[in-house]
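[1] need coordinates for the following:
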Amino acid sequence: MLLRDPDVRTVLLVRLRVGLGDLLCGVPALRALRAARPDLHVALLTWAEMEPVVARFGAYVDELVPFPGWPGIPERPPRDPAGFLAAVRARRFDAALQVYGDRPAANEVTEAVGARRVGGFHDPARHPADPATHLPYPASMHEVHRHLSLFQHLGVPPAGEDLEFPVTAADRAEAAPLARGRYAVLHPGATSSSRRWPLRRWAEVGDALARSGLRVLVTGVPGEEELTAAVVGGMREPAVDACGATSLGGFAALLAGAVLLVSNDTGAAHLAVAVRTPSVTVFLSGDPRRWAGLPRDRHRVVRADVGCNPCPHLDCPIDHRCADRIPVGAVLDQVALLPAR
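    Numbers count the residues shown, from 1 in each chain. Next comes the predicted model:
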């Protein structure tokens, strides 16, 4: 098995385009790899801006190798692919694993980096590969389980399913001015509009939580100020607009001290799982089979099956019925089922 081969001493994990939730859901597999092969040098190929997140997981990942883009990989045009390949080939990795998905372009990158051996996910119809070192991408499997299944196929037994996000004393100090008393966090943003539940309904959820005796903090990343301001402005009860008020580490500490989080299907939901805070996630275009927090009794899901969801659209091309058909009461019902904290 590739990852049990003692001659494999360095491995490049070809993760490519990735966000916070993707990285957090991959942590159980990274933890399993480190437990099975503590001698292995593990490098992660992904966007350079993910360095602050990857640095939190120094126990499992030894370095980030910046990914400059590649034809067929979404979000950004490639920058100097020849220079990138020359630099990464000079590293002479013993193995490169495609841990991105079913895009043949990801397999092309993996095969181009000059590693002695290659493996990982693939689409057998579009990119046939050696079944001893490759696994057909299990698209309907939960993100945590599919990475664990790949590493198990390559010789690494699972070492638990828990997500992690190390929170430091500096993170807790940063969050302290906001983390007072018993409070709930609402996170109404998401990268794509197809994953955003209507703001007026977020305001109603906030009012209900405030009337239950909780302070309400409405959070967002820089650039989501209009969203959070609209929610706070639409509420009848007092709330704190905490958009961009902390770094990622400070936000993790803020979530760690919260009674609960209510969020769209975005990175905040996965971060709540990682810091053990009960949560309710509103799923619209996303697929809870693949992305809902585990365990499900602690991380509840609200979703309306409207026939066309889940879908790949960043912006709904019709009437966003998956959002319109989720009433406020459905979210509050799931909040009521969360374990007490």
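[2] setting aside sequence neighbours, what's the nearest residue to Pro288?
    The shortest distance from Pro288 to any non-neighbouring residue, by Cβ to Cβ, 6 or more residues apart in numbering, is to Val301 (4.7 Å). To be clear about C-beta, it is placed using only N, CA and C from the backbone, and glycine gets the same treatment.
[3] near the one you found, how many other residues are there?
    Val301 is surrounded by 18 other residues when neighbours are defined as other Cβ atoms under 10 Å.
[4] how about it, what does it touch?
    Under the criterion of Cβ atoms under 8 Å, 6 or more residues apart in numbering, the contact list for Val301 reads Val280, Thr281, Phe283, Pro288, Ala292, Gln334.
[5] ok, the residues you listed vs Ala96, which is closest?
    For Ala96, the nearest member of those is Ala292. The distance, counting by Cβ to Cβ, is 30.5 Å.
[6] the closest one contacts Ser279, doesn't it?
    No - with contacts counted by Cβ atoms under 8 Å, Ala292 stays clear of Ser279, the gap being 9.8 Å.
[7] tell me, what's touching those two both at once?
    With the criterion set as Cβ under 8 Å, 6+ apart, the overlap between the contacts of Ala292 and Ser279 is His299.
[8] between those two, which has more neighbouring residues?
    It is Ser279, of Ala292 and Ser279, that has more neighbours when counted by other Cβ under 10 Å, with 27 against 23.
[9] who's in contact with that one?
    Contacts were defined as Cβ under 8 Å, 6+ apart; by that measure Ser279 touches Leu260, Leu261, Val262, Ser263, Ala269, Ala272, Val273, Gly293, Arg298, His299, Arg300, Leu338.
[10] using CSV, write out every CA atom in the helix or strand harbouring the fifth one.
    To tie it back to what came earlier, the one meant is Ala269. Taking DSSP states H and E as the definition, Ala269 sits inside helix 267-274. As requested, C-alpha coordinates have been extracted for helix 267-274 and formatted as CSV (Å, rounded to 0.1, in the frame of the first residue of the first chain):
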residue,chain,number,x,y,z
GLY,A,267,-17.1,27.8,7.0
ALA,A,268,-18.5,29.0,10.3
ALA,A,269,-20.6,25.9,10.6
HIS,A,270,-17.6,23.7,10.3
LEU,A,271,-15.6,25.8,12.7
ALA,A,272,-18.4,25.4,15.3
VAL,A,273,-18.1,21.6,14.9
ALA,A,274,-14.3,21.9,15.3
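[11] would you map out the domains in the protein?
    In the domain annotation for the chain, the residue ranges read 2-153, 170-336 (automatic domain parsing).
[12] make JSON lines from these and add distance to Ala159 and mean pLDDT to it.
    Compiled in JSON lines, the domains of the chain are given as follows (distance: least, Cβ to Cβ, whole Å; pLDDT from 0 to 100):
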{"stretch": "domain 2-153", "distance to Ala159": "4", "mean pLDDT": "96"}
{"stretch": "domain 170-336", "distance to Ala159": "15", "mean pLDDT": "97"}
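[13] any chance of the ones you listed in a markdown table, with distance to Leu163 too?
    Formatted as a markdown table, the entries for those read as follows, by distance: least, Cβ to Cβ, whole Å:
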| stretch | distance to Leu163 |
| --- | --- |
| domain 2-153 | 5 |
| domain 170-336 | 4 |
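[14] among those domains, which comes closest to Asp162?
    Among those, domain 2-153 comes nearest to Asp162, with 6.7 Å by Cβ to Cβ.
[15] can you tell me the SS state at Ala59?
    Each residue gets one of three states, and Ala59 gets coil by DSSP: H, G, I helix; E, B strand; the rest coil.
[16] returning to that earlier point: neighbour-wise, which one of the contacts of Val301 leads?
    Neighbour count (other Cβ under 10 Å) singles out Thr281 as the most crowded of these, with 28 neighbours.
[17] how close does it get to Leu337?
    13 Å (Cβ to Cβ, to the nearest Å).
[18] now do the shared contacts for those two.
    Residues touching both Thr281 and Leu337 by Cβ under 8 Å, 6+ apart: Arg300.
[19] burial of the closest residue to Gly83 other than its chain neighbours, as a residue count?
    Excluding the flanking residues, the one nearest Gly83 by Cβ to Cβ, 6+ apart is Pro68, at 8.0 Å. Applying the criterion other Cβ under 10 Å, we find 16 residues in the vicinity of Pro68.
[20] after the longest helix along the chain, which helix or strand is next?
    Selection of the longest helix in the chain by residue count, based on DSSP state H, yields helix 20-36. Note on helix 20-36: by DSSP H and E, the next helix or strand toward the C-terminus is strand 41-46.
[21] my read is that Val262 contacts Ala203, right?
    No - proximity of Val262 to Ala203 does not meet the contact threshold set by Cβ under 8 Å, at 12.0 Å.
[22] which of the two has more neighbours?
    A direct count of neighbours by other Cβ under 10 Å for Val262 and Ala203 places Val262 higher, at 29 against 24.
[23] quick one on the thing from earlier: the contacts of Ser279 in strands, which ones?
    The subset of the contacts of Ser279 located in strands under the criterion DSSP state E comprises Leu260, Leu261, Val262, Ser263, His299, Arg300.
[24] top of the residues you listed by neighbour count?
    The most neighbours of any of the ones in strands among the contacts of Ser279, using other Cβ under 10 Å, belong to Val262, which has 29 neighbours.
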